Structures are given as C-alpha cells and as structure tokens.
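In: predicted model and sequence follow; I will ask about them next.
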Amino acid sequence: MKEHFRDLFKYNEWANYRILIALEELETPSDTLLSLYSHVLSAQIVWLNRIKDLATSPFPIWEQYKLRELRSMTEESATNWFSYLDEHQLDTFEEMIFYTNTKGEKHENTIRQIINHVLSHSAYHRGQIAKEIRKAGVTPPDTDYIIYAREK
C-alpha cells in the first residue's frame, strides 16, 4: 500500500507542478484560478496536519495565495507527504484519525480514506482549474494519471 500511495503522490506532485507552471505562464492568473489552486494546496497541508495531529489553523482552507507562495506550498506539500509516507510504520494505513473539520464538526476516518480523499479532491479541483484556464483562451496542461504513467 505504501508504494501505491507513493506513486499516487508522485502523480499528484507532477500534476500540481503542471498546474503551477500553467498559472505562472498566464499574464495575470484570475482570482478564481489562484483561489482554486490555493485551496488544493491548503487542503493537502491541512489533511496531513490532521493525520499528524498538528494545528490546521495556519492554513485557512479558502485563503488565496500569491504565485510565489503557491510555488513554496507546492514544494512543501509534496515534501511533507513523501516524508510522512516514508516514516509511516505500517503498510495498511488503517489507523483511525479523529479530527475536527473547518465547521467545528468532529469526525473520524482511516488514514487510507483520508489519503484517497486528498488525492481525489486535488484531481477534482485541478479539473476545475483546467476549465478556467481554457476559459482564459489557453490550452490547459493535461494532468491525467495515464499521461503521468506514460511519461515516467
């Protein structure tokens, strides 16, 4: 399971960088684009903090960041997720995590469920970003997993 998640997070990193580069190449990325990509990264960081039982408050889930901040957040998210996977002692990821969401509601999920959510949530919003890039008259980068798999 650990190698499977490592592969999916490598894909996630690859896809995030493709989006970041596309945003950097736009003359002026719209607030919608910056907000969506900021949300992707904030969520990745918040979920890992929940797993590690760290504070999530430094990363408001819908804060809009500047491109230079998004670049460092992209790097930070990837580095921290890979470190977590490397250091995780079990291969099953079935440990239960208890957390409070941004609405103050208490929940519990396994690490496996959280990881699956983080990855699918990121892909969902990257799709929204691609649509917004296309609306700006630019062809968005392809971030499909199969393209990543063919290139690696």
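Out: That came through, no problem.

In: let me see the backbone angles for the residue of the chain most remote from its centre.
Out: Within the chain, the residue lying farthest from the chain centre (CA atoms, centre = their mean) is residue 137, at 25.0 Å. With angles defined as degrees, to the nearest 10, residue 137 sits at phi 90, psi 20.

In: name the helices or strands packed onto the helix or strand harbouring residue 44?
Out: Using DSSP states H and E, residue 44 sits in helix 31-51. Contacts defined by 3 or more CB pairs under 8 Å, 6 or more residues apart in numbering; DSSP states H and E place helix 31-51 against helix 2-25, helix 67-87, strand 96-100, helix 111-135. Using the backbone N, CA and C atoms, a C-beta is placed for each residue, glycine as well.

In: mean pLDDT added to the ones you listed, as TSV?
Out: Below are these laid out as TSV (pLDDT from 0 to 100):
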stretch	mean pLDDT
helix 2-25	97
helix 67-87	97
strand 96-100	95
helix 111-135	98
